[in-house]
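# Quick one, what's the 3D model for this:
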Amino acid sequence: MRAAARWTCALIFGFVAGVAMSFGQTYASDAVRPLFNSAAPVVAVAGLVAFAARRWWTSALIGALAGPVLVAGYYLTAHARGFAASASYVALWSTAGVLFGAAMGLAVWTLLSPTPTPAKAIAAALWPGVAIGEAWHGLARIADSTPAAYWWTQATVGVAVLVATAWYHVPTWSGRAIAAASTIVIAAGVFAVYGIV
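Numbering: from 1, shown residues only. Now for the predicted structure:
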């Protein structure tokens, strides 16, 4: 029963985060508006939700559920507020939410469990890679319509999270080097995907 309560609360949190993102897009100041329309916060929410699980597969599962639940909160709220939603965008963000949510859930479990150093290094790189890759996209492709200062801040937060996570959860310098290299690879992949979609 405790597990069910944890999961319920975690998924409600994900849904409420989606609702908040819908309102944030409308009412937040221009300086922080990208926060409510970007992937890094969604992946972060999936990571937070994963703390409700206790095993690797349940961490991946609840992370995978968190993305679509957040997307549902966002688009249902937007629809209720009179904004049209494209079915293709709902499908795209739901699919991305499942994939990145599952990966983030597994990353959280890996960082908190007695797993080998290389696995911890890659897990430590996941969210920073997403944040930095998205910031790179923001600066390179949409800086004329969104505040560059926001993207620089997101990139800086990504680096700070990488340094802190690698320092506390990756026990060797070689592992930390793997984390840094993995972050670059993930960031480049995110940047490339944004260029396609």
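# Please enumerate the helices of the protein.
2-27, 39-49, 56-80, 87-112, 117-141, 148-169, 173-196 (DSSP state H).
# avg pLDDT for stretch 133-148?
Averaged across stretch 133-148, pLDDT comes to 96.
# what's the residue lying closest to residue 25 once chain neighbours are set aside in contact with, if anything?
With CB to CB, 6 or more residues apart in numbering as the criterion, residue 25 has its nearest non-adjacent residue at 4.6 Å, and that residue is residue 36. Where you see a C-beta, it was placed from the backbone N, CA and C, and this is true even at glycine. Taking CB atoms under 8 Å, 6 or more residues apart in numbering, we find residue 36 in contact with 20-25, 28.
# Can you add pLDDT and distance to residue 163 and give the residues you listed back as JSON lines?
JSON lines is the format used below for those (pLDDT from 0 to 100; distance: CB to CB, whole Å):
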{"residue": "20", "pLDDT": "96", "distance to residue 163": "28"}
{"residue": "21", "pLDDT": "95", "distance to residue 163": "27"}
{"residue": "22", "pLDDT": "94", "distance to residue 163": "32"}
{"residue": "23", "pLDDT": "95", "distance to residue 163": "32"}
{"residue": "24", "pLDDT": "95", "distance to residue 163": "27"}
{"residue": "25", "pLDDT": "89", "distance to residue 163": "30"}
{"residue": "28", "pLDDT": "93", "distance to residue 163": "28"}
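# Kindly provide the distance from the residue nearest in space to the middle of the chain to residue 96.
In the chain, the C-alpha nearest the mean C-alpha coordinate belongs to residue 43, at 1.4 Å (CA atoms, centre = their mean). Per CB to CB, to the nearest Å, residue 43 is found 9 Å from residue 96.
# From residue 31, how far off is residue 65?
Taking CB to CB, one finds residue 65 at 32 Å from residue 31.
# who's more crowded, the two?
residue 65 (21 against 11; other CB atoms under 10 Å).
# what about the nearest residue to the more buried one once chain neighbours are set aside, how many neighbours?
Using CB to CB, 6+ apart and skipping residues adjacent in sequence, the residue nearest residue 65 is residue 11, 6.3 Å away. When counting by other CB under 10 Å, one arrives at 19 neighbours for residue 11.
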